[in-house]
Every structure is written in structure tokens, then in C-alpha cells.
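J.: next comes the sequence, and after it the predicted model I'd like to discuss.
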Amino acid sequence: MSKRTFTLIVAAMLAAFTADAQYRLLYESFSDGNGDTSRTAVAVSRNNCLQINSADPAEENPIPGIAQHITYIDYNRDTAFYQLHYSTNEQYYYGFSIKSGNEYTLEKTEKVNGYNCKKYTTSLFSNKMEIWVTDDLKFRATPISSFADLPGVLVQFTRNGNTTTRLASVKRLKDEVPDIPANLGQYTERRTLNSLEKEKLVITIPIFRDAQICFNPKLEKSRTIPFDTVLPYSNGTIILKRLNLKQLPDHYQIFAELTEQSNGDAYDRTGSIFVIPTSQKTNFLNALIDSVGVLPVFTDKNGEQYQGIKLEKNYTPLVELVRFFTPFGVKHFNQYRSLNDKEWEDAAYYKQDVSDLRQYLQGDVYIGAFIGNYDAGGHKISLDLKAYPESYEWASGDDSLWILPLFNTCNVMEMSGQNYGKLFETDSLTVTFTVPERLTSLRLRYISTGHGGWDTGDEFVPKENVILIDGQPRFRHTPWRSDCGTFRTFNPASGNFWNGMSSSDYSRSGWCPGTATQPVYFDLTGLTPDEHTITIAIPQGQREGTYFSAWNVSGVLIGTMRR
């Protein structure tokens, strides 16, 4: 037997032996300047199939909604499957061809990581890809499905010269490597699967669902408030729900997501989503159940009284999550008018980050919604709290946050006699508060909107809000929205004028019909651990006959404490 014949026989036997073997390949991925390394495991079965998943240990205490990602590649059918497998045994997948359509350029042959490799280059989404593939191992494998159509085993892959995936080890296995499961779960389109995966990571807490807020003096108020029941108060213009909310880790971002539709009311109305603090013996819950008269009173220089608007020794005001304004009649009045080049929206939508108020969104919580209106049909709203993770690991809650509600002049019990915020005509609003030890940062979360809906009312006249600390002017802010015309398609019942303008187009003091007012933040870091005062002064306009202006201002101190 010649040497050449012997070599060919040995090579054939080795190829046959290798083709019938099973392997586990371990890949490591890293970026320049980044010490983090992730690992991917690739199992190769005897039937020319791959199973690709993470080789990193699972989080010891993972967040809810994490899926195991598994990619299967069947080289015999040139097909791949991407699967999400959840701890609840839910499984979803989609399939695709491994014929990627990539245009590879063979650059050269060189030795990489001990293997004889062919180097290919290609471009994906403007990224330069360098790929080294070897035929030394006599089978095909890849940790990246995008390059499954290349022959051999992927040894190294580099993107834009700074992110690398490299073959770290190859181990022959004795235990059977399973082929692609016959049942991969529910088939789902790729785009839908990506959305589904993200949605399952989000913690959604439903608060209200198509709940009506209207004016109905015949509604009876409940004196007991069970959990998870929506109850009407203040003649139906407030709805309230009591919930027991789990404390979330501080890496979660929490949003209030609100939709509103007219159920008969045509006008732009003030709305507020709020939490009732109940740690004090006197609280806003008492007022809803009994009477607004139980709240502490502030009397202005005109002798008018304002109930429950500021922090007192034995009282904490409402914590406002979202200040919003209904548009003119969205949904209910869509069929009454038309626009030449636009279509009316079906609902108003508001989404606001409320993460910095998380301490009032855990445990036994009373969440309320108010829309001031006089209509028997009123409005319908839906409200969810949505929490988005910033880490894969669940951790303890944030114990370094310090929150102190200071004031809230938004008269959510308007229909039960709570006064409008008219005090700024002759007075200012002053609150005394104490800064605790160990604060490393402190800021004021401030919401301000002006009202008075005639030509010279404060709704349509910019007014500077002055914030004084310990009697000294510290901040100046003029709430104003000049983009109200953007929201024309939310306002089918808005009045139209001779000059082509709509009422909803006009600029306003910190709000537009169909929008939420964004809080502004003022830095108070550096205030000494002691007693201080904060004063809000606004040059409120004078009354004209029966017309008056008013200001809805709410303020919460938010600090970070040294642990």
C-alpha cells in the first residue's frame, strides 16, 4: 500500500469518525476597553444540527419575564429556528433560512487560534465584519446564525475592529446531543416575537380600565374601600382604587400610561392622577369619605379658604403623579365635524415617568383620578403603571430615596366644595419643611398650570412663577405651551374662529388640550439639615365680573440619602 493511499484511507476514516461525533464548543465575546466577557455554548449533534444558547450562569435572582434564548440550526435543511423558552413553560419561535444572502469576500488564509482559517469579510448594516472559518474540525458550527451559511467552524468574528467573538474550547461529548425538538412552541412572526419578548419583561399594573368619570350627584360614596375595587367620589368626578403594590428594585423605570376618551363632555378639562398619603391621622381619604371640611384650611388675605393644599404638622397633601388635560370631545364628537386633510384621533394618550415617586407606589396605595366636569356622560379613562427593568437581576428596593410632598392646589374635590387656587391674587403660598441629615442631593418636582379662560385670564397670559427659599428668590419659571396646534386632531369639539384658528390651537399657561404637563425640577442640593420655608409667588390676574383666574401648583421634594 502506498503512502498516499494510506493517507487517503486514514483521512476518510477520520472524516467518517468525526462526522458521527458530537461536540460542545464554547465561545467568548468581548469588546475593547470593556472587561465584561459573555460566553455562548454550541452543541453539535450527530445529525448535523446545532443548539446555540448562553453558557453564562443564570442570574441568582432574575427579574420576572426573562426567557432562555435558544437557536437551532439544521444544516441538512438549511433552516434555523429561534426560540424563547420561559420558566412558565411557554415557548415561542420563528424559523428562517440560513442562506443569509451575505456577500462574502475571501481575503486570505491564515492561522488563528491554532486553526488553519479562511478569512472572509462582509458588511451588515454599515458594520464591517471579519470572519475566520476553519475546515480542520471536519464539521460545521457557528455561534452566530447570520453566518451559518459559511462552510466549516467559525473560529473568530470581529465587528468594526473592536468587538470580538472567539472559539475558546472544543470538547467531544459522550452523552447524546438532542436534535431539534419536534415541538418548539407557538410559531410567531419575527417582529411579533421581538415585541412579545420585551412586553414580558415589563411589569404592567392595571389601575383603571374604561372607567367613567362624570358628574352624577346621585352616586353614593362608599365609607369602606376594599382592595382592587374602583369607587366614585365627589359626585363621580373622582374615581379611587386601593391596591397592594410590590416594592420594585430601584433599577426599574416606572411610567404612568393613560388614555382618555370623551363619553359625552365636549370641553377641555383639568385632570390629575394622584396618590393619597395616609400615614397621618388627618388625610385626604377622610375628606372623600366624610367632607372636605375635615381638611386643614389656609385662609388668604381676601378671607377665602383653601382646604388641604399644603403640608401641615399632621397632614400631607396629595402626591400628583400626572397633571393632564382632556381635549375637546375626542372620540364622542368625532362624527360631528371633519377636517379636510386630517382624521380625528380615537383617544388622547399620555405617558409620563413617575420613577422618582416610587416610594408612594408600593405597599398599601390609594390611587385616584380626577377630571373636573359637569356632564352625566363625562369621560372614560384607562390607566396602567408600567415598570421597565434596567438590569437582568432582581434586587432590593431603593432605600436611599427621600420624598416629602409640600403642596398641591389642584382642587380635585371641586364638585364637593374644594376651592380653586385663587389665593395668588393677593397672597403667596408658604410651606415650612425640615431637611433631614445625610441628604446628598435634593430637588423640587414642580408642576404649574394657569387657568382663567377669557382673553385676559391667566390661561392665556404668561405669568412668572417665583420660588423663594427662606424668603429669598431662588428660581423663576414661566409655564407656557406654544405648540398646542400640534394636537388639533384630538379636538373635534373645539371652537373654530373666523381667522382659521381653533380654540385648541392657542398657547396656554403650561398646558394644551390633550396633553400632560411635564414637571420641572429645581436643584436644592446644599440646603442645611434644618427647618426651611418655600414660598410660591405668582402675579395672578385680577377678576373680571364673575370670571377669575387660578393656579394649580403641586410640589414634592425628592432627595437621595447617604446609605
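T.: Yes, it's here.

J.: how about the strands in the stretch 1-150 of the chain?
T.: Using DSSP state E, counting those that start in this stretch, the strands found in the stretch 1-150 of the chain span residues 23-31, 37-44, 49-54, 67-74, 79-86, 91-97, 105-112, 115-124, 127-134.

J.: want to throw these into TSV with mean pLDDT and distance to residue 250?
T.: (Each C-beta comes from the backbone N, C-alpha and C, glycine too.) Shown next, in TSV, are these (pLDDT from 0 to 100; distance: least, C-beta to C-beta, whole Å):
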stretch	mean pLDDT	distance to residue 250
strand 23-31	96	27
strand 37-44	95	25
strand 49-54	96	26
strand 67-74	96	24
strand 79-86	96	25
strand 91-97	96	30
strand 105-112	96	44
strand 115-124	95	37
strand 127-134	96	34
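
J.: okay, now the domains of the chain?
T.: 22-197, 202-561 (automatic domain parsing).

J.: next, format those domains as a markdown table and append mean neighbour count.
T.: What follows is the domains of the chain, written out as a markdown table (neighbours: other C-beta atoms under 10 Å):
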| stretch | mean neighbour count |
| --- | --- |
| domain 22-197 | 16 |
| domain 202-561 | 18 |
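
J.: the stretch 301-450 of the chain: strands as residue ranges?
T.: Using DSSP E, counting those that start in this stretch, strands in the stretch 301-450 of the chain cover 305-307, 319-325, 348-353, 363-371, 379-388, 401-408, 429-434, 439-451.

J.: out of those strands, which gets nearest to residue 288?
T.: strand 363-371 (8.1 Å; C-beta to C-beta).

J.: adjacent strands (with direction) for the closest one?
T.: Strand 363-371 sits in its sheet next to strand 238-245 (antiparallel), strand 270-275 (antiparallel), going by DSSP bridges.

J.: the shortest one: what's the following helix or strand?
T.: Toward the C-terminal end, the helix or strand that comes next after strand 270-275 (DSSP states H and E) is helix 284-289.

J.: ok, the longest one next?
T.: Beyond strand 238-245 in the direction of the C-terminus, DSSP H and E gives the next helix or strand as strand 253-262.

J.: what angle do that next one and strand 348-353 make?
T.: 160 degrees (axes from the mean of the first three to the mean of the last three C-alpha atoms, to 10 degrees).

J.: now strand 253-262: how far from the chain's centre is it?
T.: Distance, stretch centre to chain centre, for strand 253-262: 10 Å (C-alpha atoms, centre = their mean, to the nearest Å).

J.: and stretch 275-291, by the same measure?
T.: In this view, stretch 275-291 has its centroid 29 Å away from the chain centroid, taken as C-alpha atoms, centre = their mean.

J.: stretch 75-92 too?
T.: 29 Å.

J.: what about it, how long is it end to end?
T.: Using C-alpha to C-alpha, to the nearest Å, one end of stretch 75-92 lies 21 Å from the other.

J.: over to stretch 338-350?
T.: End-to-end for stretch 338-350, by C-alpha to C-alpha: 24 Å.

J.: so what touches it?
T.: 256-261, 322, 324, 326-327, 330-331, 334, 488-490, 492, 514-516 (C-beta atoms under 8 Å, 6 or more residues apart in numbering).

J.: any stretches of the stretch 451-563 of the chain with poor pLDDT?
T.: Filtered on pLDDT under 70, the stretch 451-563 of the chain yields no residues whatsoever.

J.: my guess is residue 322 meets residue 270, correct?
T.: No. Counting by C-beta atoms under 8 Å, residue 322 stays clear of residue 270, with 11.7 Å between them.

J.: returning to what we had before: out of the strands of the stretch 1-150 of the chain, the one nearest residue 193 is which?
T.: Closest among the strands of the stretch 1-150 of the chain, using C-beta to C-beta: strand 91-97, at 5.5 Å.

J.: could the strands paired with strand 363-371 go into JSON lines alongside mean pLDDT and distance to residue 386?
T.: Converted to JSON lines, the strands paired with strand 363-371 look like this (pLDDT from 0 to 100; distance: least, C-beta to C-beta, whole Å):
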{"stretch": "strand 238-245", "mean pLDDT": "98", "distance to residue 386": "13"}
{"stretch": "strand 270-275", "mean pLDDT": "98", "distance to residue 386": "13"}
